[in-house]
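1. Sharing a model that was predicted from the sequence below.
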Amino acid sequence: MSRETDGPAVVGILALQGDVREHAQVLTALGARVREVRAAADLDGLDGLVLPGGESSVIEKLARMLGVAAAVQAAVRGGLPVYGTCAGMILLADRIANPITGQGSFGGLDVTVARNAFGSQVRSFETELSVPQVSADPVHAVFIRAPAVLRVGEGVQVLASVPAARLEDPSLLPDGGFLASSGQVPVAVRQGSLLATSFHPEVTGDWSFHRWFLEWLVLPARGARLSR
Ligand SMILES: NC(=O)CC[C@H](N)C(=O)O
């Protein structure tokens with residue numbers, strides 16, 4: 001496999017549907033080189049990958065048809081840093097509580113998500129999140145038909161949450177367990193080299209999560225590979 005040994009990190013964006021351009025603008029402004037990914041070969045030599053917001057069932061179906069789904073799954077298993085926003089979070093989740101018929105996910109992130117858990121488009125909301133690991137300032141987050149994380153596995157770190165009362169149907173949260181007892185529902189999680197947010201930093205002008213993804217997941221993994 002060919003790999004450039006210096007220059008900017010090369011970050012792919014799965015470009016089948018969704019807000020690809022918005023992610024490209026943020027990543028480019030932060031100094032990464034962006035490559036749109038539509039085929040398995042486009043993943044070759046990437047330092048990181050972004051799964052954008054959009055419609056998860058459409059993205060997953062197209063990815064399967066184009067043979068890129070299996071390649072993304074292999075890349076995730078191989079440790080490629082991946083950041084999924086909104087639909088991208090659903091694509092990374094190991095379990096979807098309410099898939100449409102036939103909908104699967106790429107998986108890798110040990111969470112259960114519920115699609116559209118905060119309600120329909122008209123119930124979209126914006127809020128300031130406290131995310132001390134990612135930013136000293138509150139992070140501005142916009143939720144558009146966003147998924148909620150209902151369960152997290154042991155290796156999953158919760159970076160940010162919102163009150164469970166925000167859910168369209170708070171009884172979605174499983175009884176017992178720390179999620180239910182905290183009254184909060186996670187909206188930003190990290191497991192190893194995988195990062196996922198229910199919301200869309202690419203549309204708000206708040207670049208904290210992209211910056212954190214590049215600095216803490218993409219560049220260290222790249223450094224480790226290059227020094228091998
Ligand atoms: N803004 C979004 O990415 C919405 C996600 C969408 N509701 C889905 O299920 O894929």
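-> On my side now, so go ahead. Numbering: from 1, shown residues only.
2. mind listing the strands in the protein by residue range?
-> 10-14, 33-37, 48-51, 82-85, 93-96, 109-114, 125-129, 139-143, 148-152, 157-163, 184-191, 194-197 (DSSP state E).
3. CA atoms of the second one as PDB?
-> Presented in PDB, the C-alpha positions along strand 33-37 are these (Å, rounded to 0.1, in the frame of the first residue of the first chain):
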ATOM      1  CA  ARG A  33      -6.300  16.900   3.000                       C
ATOM      2  CA  VAL A  34      -9.800  15.600   2.100                       C
ATOM      3  CA  ARG A  35     -10.600  12.700  -0.100                       C
ATOM      4  CA  GLU A  36     -14.200  11.800  -1.100                       C
ATOM      5  CA  VAL A  37     -14.800   8.000  -0.600                       C
END
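4. what's in contact with it?
-> 7-15, 20, 23-24, 27-28, 42-43, 46, 49, 68 (C-beta atoms under 8 Å, 6 or more residues apart in numbering). Every residue, glycine included, has its C-beta placed from N, CA and C.
5. now swap in the fourth one and tell me
-> The set of residues that contact strand 82-85 without belonging to it, under C-beta under 8 Å, 6+ apart, is 23, 48-53, 72, 75-76, 90-92, 108-109, 193-197, 199-202, 209-210, 213, 217.
6. Against the ligand, which of these make the cut? List them.
-> Subset of the contacts of strand 82-85 in contact with the ligand: Gly53, Ile90, counting by C-beta under 6 Å from any ligand atom.
7. Get me the contact residues on the protein for the ligand.
-> Counting by C-beta under 6 Å from any ligand atom, the residues of the chain that sit close to the ligand are Gly53, Gly54, Glu55, Ser56, Cys86, Ala87, Ile90, Arg115, Asn116, Ile144, Arg145.
8. quick revisit: what subset of the contacts of strand 33-37 is buried?
-> By neighbour count, with 16 or more other C-beta atoms under 10 Å, those hold 9-15, 20, 23-24, 27, 42-43, 46, 49, 68 as buried.
9. Go through those and say which is closest to Leu226.
-> Minimum distance to Leu226 across the buried ones among the contacts of strand 33-37 is 10.6 Å, recorded for Ala9 (C-beta to C-beta).
10. Now that closest one. Nearest residue, chain neighbours left out?
-> Excluding its sequence neighbours, the residue lying closest to Ala9 (C-beta to C-beta, 6 or more residues apart in numbering) is Asp47, at 4.2 Å.
11. Show me where this structure dips below the pLDDT cut-off.
-> 1-5, 175-180 (pLDDT under 70).
12. what residue is smack in the middle of it?
-> Gly84 (1.5 Å; C-alpha atoms, centre = their mean).
13. Look up how far Ala117 lies from that residue.
-> Distance of Gly84 to Ala117, computed by C-beta to C-beta, to the nearest Å: 16 Å.
14. got a list of what the nearest residue to Ser57 once chain neighbours are set aside touches?
-> Spatially, and ignoring its direct neighbours in sequence, Ser57 is nearest to Gln103 (4.5 Å; C-beta to C-beta, 6+ apart). The contact partners of Gln103, by C-beta under 8 Å, 6+ apart, come to Ser56, Ser57, Glu60, Lys61, Ile96.
15. how about CSV for these, with neighbour count added?
-> Below are the contacts of Gln103 laid out as CSV (neighbours: other C-beta atoms under 10 Å):
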residue, neighbour count
Ser56, 29
Ser57, 21
Glu60, 26
Lys61, 18
Ile96, 22
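16. CA atoms only for stretch 96-110, dumped as PDB, please.
-> Provided in PDB are the C-alpha atoms of stretch 96-110 (Å, rounded to 0.1, in the frame of the first residue of the first chain):
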ATOM      1  CA  ILE A  96     -30.000   0.100  15.900                       C
ATOM      2  CA  ALA A  97     -33.100  -0.100  18.100                       C
ATOM      3  CA  ASN A  98     -35.400   1.000  15.300                       C
ATOM      4  CA  PRO A  99     -33.900   0.300  11.900                       C
ATOM      5  CA  ILE A 100     -36.100   0.600   8.800                       C
ATOM      6  CA  THR A 101     -36.700  -2.800   7.100                       C
ATOM      7  CA  GLY A 102     -33.400  -4.300   5.900                       C
ATOM      8  CA  GLN A 103     -31.300  -1.500   7.400                       C
ATOM      9  CA  GLY A 104     -27.900  -2.500   8.900                       C
ATOM     10  CA  SER A 105     -24.900  -0.600  10.100                       C
ATOM     11  CA  PHE A 106     -21.100  -0.900   9.600                       C
ATOM     12  CA  GLY A 107     -20.700  -1.300  13.400                       C
ATOM     13  CA  GLY A 108     -17.600  -1.200  15.500                       C
ATOM     14  CA  LEU A 109     -19.000   1.100  18.200                       C
ATOM     15  CA  ASP A 110     -20.400  -0.900  21.100                       C
END
